[in-house]
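Asker: Sequence isn't available, so here's the structure alone:
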């Protein structure tokens with residue numbers, strides 16, 4: 001009788017370990033999927049940028065430095081490895097694109113160019129998709145990280161080598177700054 005109880009307890013523990021292992025594998029796969037969704041949107045962004053730069057090149061003859069910085073930032077972003085590296089390089093690219101868009105405002109012919117407007121709209125849409133994908137990734141990565149740290153599942157996670165997932169974080173101090181909004185009607 002005692003042997004049956006012990007055998008039943010061991011069997012329950014084995015089933016529990018298998019269940020928790022499988023849930024960790026599932027969460028890890030969801031984290032990887034979340035990263036791949038970000039990667040797809042980043043590739044789309046990287047593919048749109050050369051088209052935008054080539055379109056505005058003729059209009060912005062005196063802004064070659066800005067255009068070169070955008071292309072350099074884009075090229076650096078395409079070589080990112082891992083979440084933290086991608087976040088840092090994409091932040092630089094976002095800053096370079098912001099400067100390009102700000103300069104484009106100074107060129108009336110460029111602002112009214114249909115190709116430029118369409119590319120800006122596509123980039124804006126892609127930026128939104130990237131934001132949603134990052135949020136999804138951070139949510140699922142946090143859920144996975146919690147699952148690997150909670151006792152007693154952390155024992156299983158450590159035994160089978162489950163590592164913490166990196167989160168996307170704002171790395172640029174300028175992005176953390178609160179924007180200064182002036183709604184006064186002073187001239």
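Answerer: Here it is on my side, so go on. Treat the numbers as computed from the prediction; the structure is a model and nothing was measured.

Asker: any idea of the mean pLDDT in the helix or strand hosting residue 122?
Answerer: Secondary structure assigned from DSSP states H and E places residue 122 in helix 114-149. The average pLDDT within helix 114-149 is 90.

Asker: Could you point out the helix or strand that follows that helix?
Answerer: Once the chain leaves helix 114-149, the next helix or strand it forms, by DSSP H and E, is helix 153-159.

Asker: Just list what that next one packs against, helices and strands only.
Answerer: helix 2-57, helix 114-149 (3 or more Cβ pairs under 8 Å, 6 or more residues apart in numbering; DSSP states H and E). No exception for glycine: its C-beta is placed from N, CA and C like everyone else's.

Asker: Out of the ones you listed, which one sits most buried?
Answerer: Comparing those by mean neighbour count (mean count of other Cβ atoms under 10 Å), helix 114-149 ranks first with a mean of 16.

Asker: Mind giving me the packing neighbours of that one?
Answerer: So helix 114-149, by 3+ Cβ pairs under 8 Å, 6+ apart, packs with helix 2-57, helix 82-104, helix 153-159.

Asker: how about the nearest residue to residue 147 once chain neighbours are set aside, what does it touch?
Answerer: Ranked by Cβ to Cβ, 6 or more residues apart in numbering and with sequence neighbours excluded, the top spatial neighbour of residue 147 is residue 27, at 5.6 Å. Shown in contact with residue 27 (Cβ atoms under 8 Å, 6 or more residues apart in numbering): 140, 143-144, 147.

Asker: still on that earlier bit, out of the helices and strands packed on helix 153-159, which gets nearest to residue 160?
Answerer: helix 2-57 (6.3 Å; Cβ to Cβ).

Asker: what inclination does the helix or strand that that closest one is followed by have with respect to helix 2-57?
Answerer: Sequence-wise, the next helix or strand downstream of helix 2-57 (DSSP H and E) is helix 64-78. Between helix 64-78 and helix 2-57, the angle comes out at 160 degrees (axes from the mean of the first three to the mean of the last three Cα atoms, to 10 degrees).
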